[in-house]
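> Could you work out the structure for the sequence below:
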Amino acid sequence: MSRPLLAIDGDSVAHRAYHGIPGSVRRANGRPGNALVGFTNMLLRLWQAERPRAVVVGWDTLFVPTYRHALLPTYQSGRDFDDEIIEQLELLPSLMASTGIVCAKAAGFEADDFLGAAAAQEMARGGDTLVATSDRDAFQLASERVTILQPVRGVSELRRVGPAEVRERYGVDPSQVTDFIALRGDPSDKIPGARGVGEKRAAVILGDHGSLEGAFAAGLFSAEAEALLSFRRIATFDSAAPLPELADCQPDWAAGAVAARELGLAQLATRLDEAAGRESR
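Here you go, the predicted model:
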């Protein structure tokens, strides 16, 4: 069997590592290191367990508005990140890139968009994709060729989510997930959804009518139709996000070890050197 592409939501996994690894994990200069260590350890475990043909990591461009903010000015408002996670989010892309892993980051796009672009590119070449993220918005990507790897305990345990698991969780098909989010709303992104519609009713509406357009045709949400279409667009991953052609690539863990030492992460560097040694045998 051909090996899958591994696409990682860098910000999602980094935040999970930051909150799951003790803040006492520091770099040699006393600066924070828990997200750097937790993220890299998860990547190593994923690589060793899944043996992907290549890895791509998508990153948000923090504090830079996107078209989503133009559609909904309150989008993701009120989020307050600790300075220590912001510092590590600035360092992680270069640490990952030191191994040869593709890091995708561009103004106007979110990490989610690069996941969608990676899955679309891989599907076009006839391959399968594993998408590692704790963001359930990624359920829209689930298919016979795309499996979501959802952290359930810190970053050490992952649940595999395909179309059947999406239906079990939400009562809708993956193709209906963005309509579902538009109707139900998303408090974490400050998407308000349709008035009076929660998770269960959103699933029933989509079961009865198939889509937002089907609900509109049945006379539902006539006063909210334009807003709901905007909410759906906000929730939809932009698969046109700029990605290079993702060639087969085995990470250079030894080069990553050098970068980790430069950051003052001696134990992580040792772990990466050990990984390089195992790969060379």
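> rest of the way, CA atoms for contacts and neighbours
Will do.
> Pull the residues that contact stretch 105-114.
With C-alpha atoms under 8 Å, 6 or more residues apart in numbering as the contact definition, stretch 105-114 has outside contacts at 9-11, 57-61, 64-67, 104, 138, 237-243.
> Could you confirm Leu220 falls within a strand?
No - according to DSSP: H, G, I helix; E, B strand; the rest coil, Leu220 belongs to no strand; its state is coil.
> State the number of residues packed around it.
Residues near Leu220, counting by other C-alpha atoms under 10 Å, number 14.
> picking up where we left off before, which ones among the contacts of stretch 105-114 lie within helices?
Mapping the contacts of stretch 105-114 onto helices (DSSP state H) picks out 10-11, 67.
> quick one: which of those residues has the most company?
When neighbours are counted by other C-alpha under 10 Å, Gly10 leads the ones in helices among the contacts of stretch 105-114 with 27 neighbours.
> Now do the contacts for that residue.
57-60, 111.
> For the residues you listed, could you give me JSON lines that also reports pLDDT and neighbour count?
Output for the contacts of Gly10, formatted as JSON lines (pLDDT from 0 to 100; neighbours: other C-alpha atoms under 10 Å):
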{"residue": "Val57", "pLDDT": "98", "neighbour count": "24"}
{"residue": "Gly58", "pLDDT": "98", "neighbour count": "28"}
{"residue": "Trp59", "pLDDT": "97", "neighbour count": "27"}
{"residue": "Asp60", "pLDDT": "94", "neighbour count": "22"}
{"residue": "Ala111", "pLDDT": "96", "neighbour count": "25"}
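> circling back: which of the contacts of stretch 105-114 fall in strands?
9, 57-58, 104 (DSSP state E).
> Against which helices or strands is the top helix by length along the chain packed?
Looking across the chain with DSSP H, the single longest helix is helix 34-50. Counting contacts by 3 or more C-alpha pairs under 8 Å, 6 or more residues apart in numbering; DSSP states H and E, helix 34-50 packs against helix 10-20, helix 83-97.
> run the last query once more with 6 Å
Contacts defined by 3 or more C-alpha pairs under 6 Å, 6 or more residues apart in numbering; DSSP states H and E place helix 34-50 against helix 10-20.
> Chain neighbours aside, what residue packs nearest to Arg261?
Ranked by C-alpha to C-alpha, 6 or more residues apart in numbering and with sequence neighbours excluded, the top spatial neighbour of Arg261 is Ala269, at 5.7 Å.
> Check the spacing between that neighbour and Ile191 real quick.
Ala269 sits 41 Å away from Ile191 when distances are taken as C-alpha to C-alpha, to the nearest Å.
> where along the stretch 151-281 of the chain do the helices fall?
163-170, 177-184, 199-209, 212-217, 225-235, 253-262, 266-280 (DSSP state H, counting those that start in this stretch).
> Bridged to Asp9, which residues?
On the basis of DSSP bridges, Asp9 is bridged to Gly58.
> Surely it and Gly58 touch.
Yes - Asp9 lies in contact with Gly58 (C-alpha atoms under 6 Å); the separation is 5.3 Å.
> The nearest residue to Ala259 once chain neighbours are set aside: neighbouring residues, count only.
Spatial nearest neighbour of Ala259, excluding adjacent residues (C-alpha to C-alpha, 6+ apart): Leu95 at 6.2 Å. Neighbouring residues of Leu95 were enumerated by other C-alpha under 10 Å; the total is 22.
> in this protein, which strand has the most residues?
If you go by DSSP E, the chain has its longest strand at strand 146-153.
> what is the orientation angle of that strand with helix 163-170?
Orientation check (axes from the mean of the first three to the mean of the last three C-alpha atoms, to 10 degrees): strand 146-153 against helix 163-170 gives 50 degrees.
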